[in-house]
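Asker: sequence unknown, structure follows:
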Ligand SMILES: NC(=O)C1=CN([C@@H]2O[C@H](COP(=O)(O)OP(=O)(O)OC[C@H]3O[C@@H](n4cnc5c(N)ncnc54)[C@H](OP(=O)(O)O)[C@@H]3O)[C@@H](O)[C@H]2O)C=CC1
Ligand SMILES: O=C(O)CCC(=O)C(=O)O
């Protein structure tokens, strides 16, 4: 597909007359399509059309806005196989994973469609007994949405759907690895009859279009998921001009395996958390902190299970793990693996690219003898690499788990209630999961991190209302 920008309800070519190719990272002969290498002029048109559309869109009732989202959900459900296949070809995740993500996208749309008919304020007793005081929520106006490639369906939708239902208009810049997937979603909104200008899609370089959204004075709020380096710049740009912003960034997520745990279940969850989506989730498990008495047993289980993982073309049946999403993702993970070896960690399995393959395939990798000061124990790798570390007491485990800059998600496997309670209270993470893997986000619950993982805001569920609206306090007498 040769994707165009979607501006004011029309699929439009960029003023640059330039496009960029998208190549399947799992099959370098497969050209998935092209996207527009857009300019600031294209972005300006999109922002202007979102601005023009914002008042009529805000004036519709929430129930009417919801009807568009319900229709888009039905169309996405009908097109699910096509959308999932494009997503797999663009960013390499396996087909069952992209099918699951598409179903999640449908559910996100339906959840927020329903939000159009839920409360939008509170009645608060005034000290004046003759007065009525209440709050009412209002949209921000034009919202800029900047998204990554690792969840090319769910993340754009869990930002766009609440933005729209609460009455904002949107300009979205999808990641350059996966823009066509979002074009397919935009087509669902178009077929649903969404009014022109309410949703606009502009592709191109992050440094031009993403940055342009963060500095533009007509963009009233910016929501971003991606790397910490880019997130910080976007936050600073938005803050400087007084716009609202929301950042969802990295993680260095631990699983703690206590000696009383179901070790099979813990090992399965560690493998799934670490290697599903080729480790490219901000909630991926990247450190396994294991009680010293069962360390050798769990280590053996992890290595045995990892050696059975089928790595290959994500469109093929029975493939469990696909390629890294791009050459830069592969190189990044290989650099971390080299660093791990240089700093003295012991490689138990994996650690190298799969030779003679037709894509960016990396073997799932486990490191032993990892010290918490090592780079692989501290930095987000965003690849299929896990570091094993032993501990002696629960306090020791939590010290290791918390000794990183990030605080997104964390898991523990134990049968002991006191251990569970210590973990829930003392683990510095926005998502803490007991006897379940570190990845696993539910669309109806708040999602976000502590420390460097987010801007301390939360998205998804009802929490999205906080970001996408402003509160007015009304006093009537
Ligand atoms: N928390 C998470 O879920 C994610 C974390 N990451 C982390 O980031 C690393 C690099 O991945 P990458 O995809 O490059 O992540 P980026 O943070 O660079 O990209 C995320 C989004 O931001 C855009 N962007 C890039 N530069 C700018 C800029 N200067 N101003 C505004 N927007 C910009 C990108 O556009 P474009 O695609 O055109 O560059 C993309 O749409 C990963 O290895 C991982 O560690 C990555 C993705 C998701
Ligand atoms: O684990 C999930 O479902 C979502 C994770 C996420 O938001 C991310 O990796 O960017």
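Answerer: Looks like it arrived, so ask away. Everything numeric here is computed off the predicted structure, so don't read it as measured data. Ligands and ions are numbered 1, 2, ... in the order given.
Asker: Hmm, residue 144 and residue 216 touching each other?
Answerer: Yes: using Cβ atoms under 8 Å, residue 216 is in contact with residue 144, at 7.4 Å. C-beta: built from backbone N, CA, C; applies to glycine.
Asker: Same drill for these two, tell me which one is more crowded.
Answerer: Taking other Cβ atoms under 10 Å, residue 216 and residue 144 do not tie; residue 144 has more neighbours (33 against 20).
Asker: For the residue lying closest to the more buried one once chain neighbours are set aside, list the residues it contacts.
Answerer: Distances taken as Cβ to Cβ, 6 or more residues apart in numbering place residue 213 nearest to residue 144, at 3.4 Å, with adjacent residues excluded. By Cβ atoms under 8 Å, 6 or more residues apart in numbering, the contact set of residue 213 is 43, 47, 144, 146, 171, 173, 219, 222.
Asker: Now do the SS call for the first one.
Answerer: Read that as residue 43. Here residue 43 is helix, with the state taken from DSSP: H, G, I helix; E, B strand; the rest coil.
Asker: Would you mind measuring from it to residue 5?
Answerer: Distance, residue 43 to residue 5, by Cβ to Cβ, to the nearest Å: 9 Å.
Asker: Within the helices and strands, which one has the most centrally placed residue in the chain?
Answerer: The C-alpha lying nearest the average C-alpha coordinate of the chain belongs to residue 155 (Cα atoms, centre = their mean; 5.0 Å). Using DSSP states H and E, the element containing residue 155 is helix 154-165.
Asker: chain center to the helix or strand that that helix is followed by, what's the gap?
Answerer: Using DSSP H and E, the helix or strand that directly follows helix 154-165 along the chain is strand 169-173. Distance of strand 169-173 from the chain centroid (Cα atoms, centre = their mean, to the nearest Å) equals 17 Å.
Asker: Would whichever helix or strand comes after strand 169-173 count as contacting ligand 1?
Answerer: As assigned by DSSP H and E, the chain's next helix or strand after strand 169-173 is helix 179-191. No: if you take Cβ under 6 Å from any ligand atom as the test, helix 179-191 misses ligand 1, and the best it gets is 8.4 Å.
Asker: Now do helix 179-191: which elements does it pack against?
Answerer: Secondary-structure packing of helix 179-191 (3 or more Cβ pairs under 8 Å, 6 or more residues apart in numbering; DSSP states H and E): strand 5-7, strand 31-36, helix 62-78, helix 80-91, helix 154-165, strand 199-201.
Asker: Show the contacting residues for residue 305.
Answerer: So residue 305 contacts 267-268, 271 (Cβ under 8 Å, 6+ apart).
Asker: Up against ligand 2, what does the stretch 101-250 of the chain have?
Answerer: 150-151, 155, 225.
Asker: ok, and which of the residues you listed reach ligand 1?
Answerer: Answer for those near ligand 1 (Cβ under 6 Å from any ligand atom): 150, 225.
Asker: and the residue nearest to residue 144, how far is that from ligand 2?
Answerer: Counting by Cβ to the nearest ligand atom, to the nearest Å, the gap between residue 213 and ligand 2 amounts to 19 Å.
Asker: just residue 52 next, same as before
Answerer: For residue 52 relative to ligand 2 (Cβ to the nearest ligand atom), the value is 32 Å.
Asker: Help me confirm that that residue comes into contact with residue 197.
Answerer: Yes: under the criterion of Cβ under 8 Å, residue 52 makes contact with residue 197 at 5.5 Å.
Asker: which of these two has more neighbours?
Answerer: Taking neighbours as other Cβ under 10 Å, residue 52 and residue 197 compare with residue 197 leading, 24 against 15.
Asker: Who are the contact partners of that one?
Answerer: Contacts of residue 197 by Cβ under 8 Å, 6+ apart are 8-9, 49-50, 52-53, 169.
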